[in-house]
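Peer 1: Predicted model follows, preceded by the sequence.
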Amino acid sequence: MSSVFVDSRWVGGAKRAAAWLMSGWVPASLPPTGDRRTGFERPSIERIRNLIGWRRSQSLVGRRYGQRGLRVGMAGEPEPGLTALEAHDGRRLVGTLSVRMDGPDGLAADATFPEELLRLRAKGRRLCEFTRLALEPNQQSKPALAGLFHMAHLLAHRVKGADLLVMEVHPRHAPFYRRMLGAKRLELGENASVEAPSVLMCLDLAFAQDQIRKFGGRPELGDEVRSFYPFFHAPSEEPLLIERLRAEV
């Protein structure tokens, strides 16, 4: 794992630890794909704008990672180029996800897949990655994850102009992201920091936008479509969300 965004040290068995962390993309627990909820209360998703909010969200990350056998030393302040989002159920923090845009310092996935990311950049792809994903236990995961993913997508794609999301995940989690987001596998490698295999996956953000147009705001299609997109906001809600994000940039 790149120390640019998480300085971490494994405790416990290496195999158990490796199964839960690849470059900071670690759901506290993967939600069941057979969730049959057709109605739900969507948590509010906000951009973290101050140091108190940052430390609150990173405390959740550290606690949830620690419960999976990982001791995480979090940076005291957010790094430049990293935007953190938080999901709230009323006044309670229930989840967090951060967005990193490509830039001079690159992305965390460069540590394991430098050649593949260079090839993507050479093709003119504008890259981003999502990281530091954590949810409170016993949280209804699908509404929180869908809300976080949608706001992260809007920020990266519609506000900042990224067109390709890359993420480094453990191979056992790759089918989940393929099913629920439509991500594709690019390369299989070895994450040196945890001595475990990792998969580089990508998601074309124009494809994601097309799925939102088709299915967003229609949770009754969750069983039929079997992805997160029906649990995203409706397309008609996006202009207001984008306006709010742009005002905060």
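Peer 2: Right, received. Where do you want to start? Residues are numbered from 1 along each chain as shown.
Peer 1: and Met101, how far is that from Phe130?
Peer 2: 11 Å (CB to CB, to the nearest Å). Backbone N, C-alpha and C define where each C-beta goes, glycine included.
Peer 1: so what sits against both of the two?
Peer 2: Common neighbours of Met101 and Phe130, using CB atoms under 8 Å, 6 or more residues apart in numbering, are Ala156.
Peer 1: Mind checking which of those two has more residues around it?
Peer 2: More neighbours surround Phe130 than the other of Met101 and Phe130, with 21 against 17 (other CB atoms under 10 Å).
Peer 1: strands paired with the helix or strand harbouring the more buried one, and their directions?
Peer 2: Take DSSP states H and E as the rule and Phe130 turns out to sit in strand 127-135. Strand 127-135 has the following strand partners under DSSP bridges: strand 92-101 (antiparallel), strand 164-169 (parallel).
Peer 1: which other residues reach the shortest one?
Peer 2: Strand 164-169 has contacts (CB under 8 Å, 6+ apart) with 22-23, 25, 107-109, 112-113, 117, 120, 125-131, 153, 156, 177, 183, 186, 191, 198-205, 208.
Peer 1: So which of those residues belong to helices?
Peer 2: Using DSSP state H, the members of the contacts of strand 164-169 that fall in helices are Leu117, Leu120, His153, Tyr177, Leu205, Ala208.
Peer 1: Quick check: pLDDT value at the second one.
Peer 2: So that's Leu120. For Leu120, the pLDDT comes out at 95.
Peer 1: ok, it - contacts?
Peer 2: Counted by CB under 8 Å, 6+ apart, Leu120 has contacts Leu127, Leu164, Val166, Cys202.
Peer 1: How about the third one?
Peer 2: The contact partners of His153, taken as CB under 8 Å, 6+ apart, are Leu165, Leu205, Ala208, Gln209, Ile212.
Peer 1: neighbour-wise, which of the residues you listed leads?
Peer 2: Counting by other CB under 10 Å, top hit in the contacts of His153: Leu165 with 24 neighbours.
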